[in-house]
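Asker: Would you be able to build a 3D model of this:
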Amino acid sequence: MIRTTLQRAKDAQELGIMIELLPMSRREFNVSIFYSDMLGLQGEEVSQFLITAGDRLEDMTTQLRKRMFPKRKVKSINFVIANGFCIQVNAYAMVRSSVPGSIMWLDSVTNLPLKIERSFICTDTGAVVQQPRICFQEFKGEMVKFTMEELSEIKKISDDHLHLLGFKPLACLKDYHNLKPATFLYPSDEDILGSTCAFIALHRSMLRLQRFAVAFYGNSNPHLVALVAQDEIASTCGQLEPPGMHMIYLPYSDDIRYPEELHLDAPIPCATVEQVKKAGALIKRMDLKDFSVCQFSNPSLQRHYGILQALALGEDDIPIVKDETLPDEEGMARPGLVRAVEEFKVAVYGENHDQEEAAKGNPSQASRKRKAIFEVALKESASYDWDELAENGKLKDLTVMELKTYLTAHSLPVTGKKEALISRILTHLGK
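Answerer: Have a look, this model is predicted:
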């Protein structure tokens, strides 16, 4: 049996099939008993095998994670450089907000999804309008009619290509020149041959000259964009970040808001050397070690999925979700940090600040307004039986303002469309 296994392993290696051994046991693993002959290990390779096995296991885990979560291509874009010279790039969404899925209404008998249809009824005859819809716009006392196709063409400002306008130094690009998450661009030769070579030439030159490209992109909602080249980042485990360009959506002049200048007669406050020193000590005490946004899950999404899991599996108890975004109370109670906070507060406000604030006892106008809104919402929310409305599926019959009274009364976010508000209420009720 051993001889047959070794022969098959040798045949597999001759065919180019790699055999990897990853010992999972915590005890000392003796490779020389059997696996050294199968893997073809000789001399010092046997003693060094276990040392490198951990690195190979980590590399395999990394590669597996990349295959499980592939980058999703948003679309292919034609990048027009100049005078009809065009290359093809693929756009990838690197960061997007994750939200709970939209609510789906089911038939109470068949349990099948309901399909929403919209029909137009003639006001004169009451018949369903079958002809294509026509829009109109009043102009100089006359009604100008448009078909839906004509209206769609009017809204188009340009083609859906990416047009290069020129280049600027990277120092001209500010941190706040970003309207939404950037899109990552990578070349493709699928439709236009030579796109990769042209893209690499531009990419390397932009990195060497420290320039970014300014381009025009969009159809009915066009944007000025900045194309910032990113070099490849690699490690011993493989590629961490691919080379490419980040397409940053720039604001127009109408989108920029300038801060108002306050002209005060009194001199502008200035921090003393002691206050700056105490602030520095506080920052060092609250330094986050090995921080990464990839470590934190969205607690509202995790609770939403936990409730769905409990409903799907018929579980009575909802899984407890740990909110990792809350401050570490145990860490905040460390004597060194408490002392640093107290020293900084004393340096800024003085030693008797707490007693003076307690003596005033006058809440600000903003806090009084928030309290009044909360009390009104709490009173109005109490007039509804929210559990019954949720059980009978009648939350959709309420208005947006009525839904917001429940959210305000329970200190929940009130932003979003009606479906998002209903989903938030159902999640809070555990339905």
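Asker: in the stretch 201-350 of the chain, which spans are strands?
Answerer: Using DSSP state E, counting those that start in this stretch, the strands of the stretch 201-350 of the chain run over 211-217, 223-230, 233-235, 238-241, 244-250.
Asker: Could you say which one of those comes nearest to residue 126?
Answerer: Nearest to residue 126 among the strands of the stretch 201-350 of the chain is strand 223-230 (45.0 Å), distances taken as C-beta to C-beta. The C-beta positions use only the backbone N, C-alpha and C, and glycine is treated the same way.
Asker: what are the pairing partners of the closest one, and which direction each?
Answerer: Strand pairing for strand 223-230, using DSSP bridges, gives strand 211-217 (antiparallel), strand 244-250 (antiparallel).
Asker: Now stretch 8-15: buried residues?
Answerer: Neighbour counts using 16 or more other C-beta atoms under 10 Å place residue 9 of stretch 8-15 among the buried residues.
Asker: Pull it out as PDB, backbone CA atoms only.
Answerer: In PDB, the C-alpha atoms belonging to stretch 8-15 read as follows (Å, rounded to 0.1, in the frame of the first residue of the first chain):
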ATOM      1  CA  ARG A   8       1.000   7.600  -7.500                       C
ATOM      2  CA  ALA A   9       2.400  10.700  -5.700                       C
ATOM      3  CA  LYS A  10       5.400  10.600  -8.000                       C
ATOM      4  CA  ASP A  11       3.200  10.200 -11.100                       C
ATOM      5  CA  ALA A  12       1.100  13.200 -10.000                       C
ATOM      6  CA  GLN A  13       4.200  15.400  -9.500                       C
ATOM      7  CA  GLU A  14       5.400  14.500 -13.000                       C
ATOM      8  CA  LEU A  15       2.100  15.600 -14.400                       C
END
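Asker: All further residue positions should be reported with the first residue as 9.
Answerer: Renumbered: residue one is now 9, and that last one reads stretch 16-23.
Asker: looking at the strands paired with strand 231-238, which is closest to residue 183?
Answerer: Short answer: strand 252-258, nearest of the strands paired with strand 231-238 by C-beta to C-beta, at 10.4 Å.
Asker: Show me what the closest one is in contact with.
Answerer: Outside strand 252-258, the residues that touch it by C-beta atoms under 8 Å, 6 or more residues apart in numbering are 97, 99, 170, 181, 185-188, 190-194, 211, 214, 221-223, 225, 231-238.
Asker: Tell me how confident the model is about that strand, as a mean pLDDT.
Answerer: Across strand 252-258, pLDDT averages out at 93.
Asker: so how far is that strand from its chain's centroid?
Answerer: Distance of strand 252-258 from the chain centroid (C-alpha atoms, centre = their mean, to the nearest Å) equals 16 Å.
Asker: coming back round to it: kindly state which of the strands paired with strand 231-238 is positioned closest to residue 46.
Answerer: Ranking the strands paired with strand 231-238 by their distance to residue 46 (criterion: C-beta to C-beta) puts strand 252-258 first, at 41.4 Å.
Asker: Around residue 379, how many other residues sit close by?
Answerer: Neighbourhood size, residue 379 [other C-beta atoms under 10 Å]: 11.
Asker: Likewise for residue 225?
Answerer: 21.
Asker: is it true that it touches residue 231?
Answerer: Yes: Residue 225 is within contact range of residue 231, at 5.6 Å (criterion: C-beta atoms under 8 Å).
Asker: ok, back up a step: reformat the strands of the stretch 209-358 of the chain as CSV; add distance to residue 316.
Answerer: Output for those, formatted as CSV (distance: least, C-beta to C-beta, whole Å):
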stretch, distance to residue 316
strand 219-225, 38
strand 231-238, 36
strand 241-243, 37
strand 246-249, 33
strand 252-258, 34
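Asker: With respect to residue 321, which of those strands lies nearest?
Answerer: Of the strands of the stretch 209-358 of the chain, nearest to residue 321 by C-beta to C-beta is strand 246-249, at 37.6 Å.
Asker: same for the closest one, what does it pack against?
Answerer: Under the contact criterion of 3 or more C-beta pairs under 8 Å, 6 or more residues apart in numbering; DSSP states H and E, strand 246-249 touches helix 52-76, strand 241-243.
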